[in-house]
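> Would you be able to build a 3D model of this:
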Amino acid sequence: MRKEQVTITDLARELNVSPSTISRALNNSPFISEERKKVILDLAKKMNYSPNQLALSLLNKRTKILGVVVPEITSYYFSTAINGIQDKVGSSGYKLMISQSNESFEEEIRLMEAMALVRVDGFLISPSSNTVNFDHFEKIKGSGFPLVIFDRDCLGFEADKVVVDDYSGAFQAVEYLIQTGCKRIAHITGSANLSTARHRKNGYLDALIKNNYPVLDELIVIGDDSSSESGVACMQKLLDLDQMPDAVFCYNDAIAIGAMSIIREKGVQIPEQISLVGFDDEPYSSYFKPSLTSVWQPIYDLGLLSAKILLDNLDFDKESAEFRFEVLKPELVIRESSRKIS
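Numbers count the residues shown, from 1 in each chain. Here you go, the predicted model:
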């Protein structure tokens, strides 16, 4: 049977004083003598008294809890972003309520509604790949909850946002492949619903156009998702072409690793016959043979800055219509899966 939590009233009854006296002592009031404070604090410790957090949150109009919704928790990318968030909010006395949408628009709505009901103080959201309608974000914002969108942009929805310059990262990667002498550069892209996929594809296209390379539809393959299995299926289509590509820029490292496995299975040499570049620079990328050239993203800083903006909004009760749009810069990390520049 669950033991009842000790209350201020229980302490007051034990010492034959008023509950208000107990409350003042617990809150270090100057109107209570040090001797009496010590007696009350010693008893509170002895009886395992702890403040009622729900009551305190109602009194202060703050729960000190922040809601975080991400597409998935287990991936290196989002777990690293969450680490950044946690490290920033922990020193401010906030706790996180973390949930994953599993790339489901409906689940994202349900999770945010549930978090709003328990009165989290604010939201940090990375939208699902199927989120193309932002009415639920507008509803949350209209209800007075501070909201920061991170990683994936929501075009047309006004809010504080923190993203990585996916376009720049993709442009760097493809221009590097051109500088190494590659002529038929393919791209395995992600869902068109994702701002990250759109920006990386645009970086790929503009790098080709800038260098007077033709844009060939047959060299652009759209994956069903962002998994290694999708990389295998998409790379198979590219290998089946009459003239296979001599380089492939992949939407992320998982797709690149899937592509690498089928390339090697077919006996094609990396990078002698096909150069391969990923995006994210996940830790395992450097341990494959050949090690994977990839675009590094400042993921931890992404989470850290997103949390800082949300905390700033809570501290200053933001009412301004001006929103921050922060863009972090990625860097190309060159390894063995791509040719050297001549």
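
> switch to C-alpha atoms for all contacts and neighbour counts from now on
Fine.

> Would it be right to say that G258 lies in a helix?
Yes - assessed with DSSP: H, G, I helix; E, B strand; the rest coil, G258 lies in a helix.

> list the helices and strands whichever strand or helix holds Y204 packs on?
Using DSSP states H and E, Y204 falls within helix 195-210. Counting contacts by 3 or more CA pairs under 8 Å, 6 or more residues apart in numbering; DSSP states H and E, helix 195-210 packs against helix 166-179, strand 185-189.

> could you redo those as JSON lines and give each row distance to Y300, mean neighbour count and mean pLDDT?
Formatted as JSON lines, the helices and strands packed on helix 195-210 follow (distance: least, CA to CA, whole Å; neighbours: other CA atoms under 10 Å; pLDDT from 0 to 100):
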{"stretch": "helix 166-179", "distance to Y300": "16", "mean neighbour count": "22", "mean pLDDT": "98"}
{"stretch": "strand 185-189", "distance to Y300": "24", "mean neighbour count": "26", "mean pLDDT": "98"}
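
> just so I know, which of the ones you listed lies nearest G203?
helix 166-179 (4.4 Å; CA to CA).

> lowest-confidence helix or strand of this protein?
When the helices and strands of the chain are scored by mean pLDDT, DSSP states H and E, helix 53-60 comes last with a mean of 52.

> thought I149 was touching D160?
Yes - between I149 and D160 there is a contact under CA atoms under 8 Å: 6.3 Å.

> ok, those two, which is more surrounded?
Taking other CA atoms under 10 Å, I149 and D160 do not tie; I149 has more neighbours (24 against 20).

> what about that one, which SS state?
Quick answer, by three-state DSSP: I149 is strand.

> again with F137
Assignment for F137 (three-state DSSP): helix.

> Give me the distance between it and F171.
According to CA to CA, to the nearest Å, F137 and F171 sit 31 Å apart.

> Where does the prediction get shaky in the stretch 101-250 of the chain?
Counting by pLDDT under 70, the stretch 101-250 of the chain shows no low-confidence range.

> again, only this time at 90
117-119, 132, 143-144, 190-193, 224-226 (pLDDT under 90).

> SS state for V248?
strand.

> Which residue is the nearest non-sequential neighbour of it?
Leaving aside its sequence neighbours, V248 sits nearest to A186 (CA to CA, 6 or more residues apart in numbering; 4.6 Å).

> who's in contact with that neighbour?
Going by CA atoms under 8 Å, 6 or more residues apart in numbering, A186 touches L219, I220, V221, L238, P245, D246, A247, V248, F249.

> tell me which of the residues you listed is nearest to S50?
F249 (55.8 Å).

> okay, now the spatially closest residue to K64 that is not a sequence neighbour: neighbour count?
Among residues not flanking K64 along the chain, Y94 sits closest, at 4.8 Å (CA to CA, 6+ apart). Neighbour count of Y94, defined by other CA under 10 Å: 16.

> thinking again about what came up before, mind putting the contacts of A186 in TSV, distance to V6 and neighbour count included?
Formatted as TSV, the contacts of A186 follow (distance: CA to CA, whole Å; neighbours: other CA atoms under 10 Å):
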residue	distance to V6	neighbour count
L219	68	18
I220	65	20
V221	63	19
L238	68	21
P245	71	21
D246	71	19
A247	67	28
V248	64	26
F249	61	28
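
> In terms of distance to R200, which of those residues ranks first?
Nearest to R200 among the contacts of A186, with distances taken as CA to CA, is F249, at 9.6 Å.

> and the gap between that closest one and F325?
Relative to F325, and taking CA to CA, F249 is found at 27 Å.

> for C234, same thing?
Taking CA to CA, one finds C234 at 34 Å from F325.

> likewise K45?
47 Å.

> Do a quick rundown of the strands in this protein.
With strands called from DSSP state E, the chain shows them at 65-70, 95-100, 122-125, 147-150, 160-164, 185-189, 220-222, 247-250, 275-280, 293-296, 325-328, 331-333.

> Remind me what the fourth one packs against, helices and strands.
The one in question is strand 147-150. Using 3+ CA pairs under 8 Å, 6+ apart, strand 147-150 is in contact with strand 122-125, strand 160-164, helix 299-316.

> I'd like the distance from the shortest one to the chain centre, please.
To tie it back to what came earlier, the one meant is strand 122-125. Chain-centre distance of strand 122-125: 11 Å, with CA atoms, centre = their mean, to the nearest Å.

> returning to that earlier point: go ahead and confirm the residue nearest to K64 touches R62.
No - proximity of Y94 to R62 does not meet the contact threshold set by CA under 8 Å, at 10.1 Å.

> Provide the contact partners of stretch 255-267 at residue level.
Residues outside stretch 255-267 that contact it (CA under 8 Å, 6+ apart): 188, 226-236, 239, 249-250, 269-270, 276-278.

> Try it again at 6 Å.
The contact list for stretch 255-267 (CA atoms under 6 Å, 6 or more residues apart in numbering) reads S227, S228, E229, G231, V232, M235, C250, G278.

> repeat for stretch 197-214
D166, Y167, A170, F171, V174, E175, G190.

> can you name the two of those that are farthest apart?
So, these by CA to CA: farthest apart are E175 and G190, at 20.0 Å.

> Many thanks, we can stop here.
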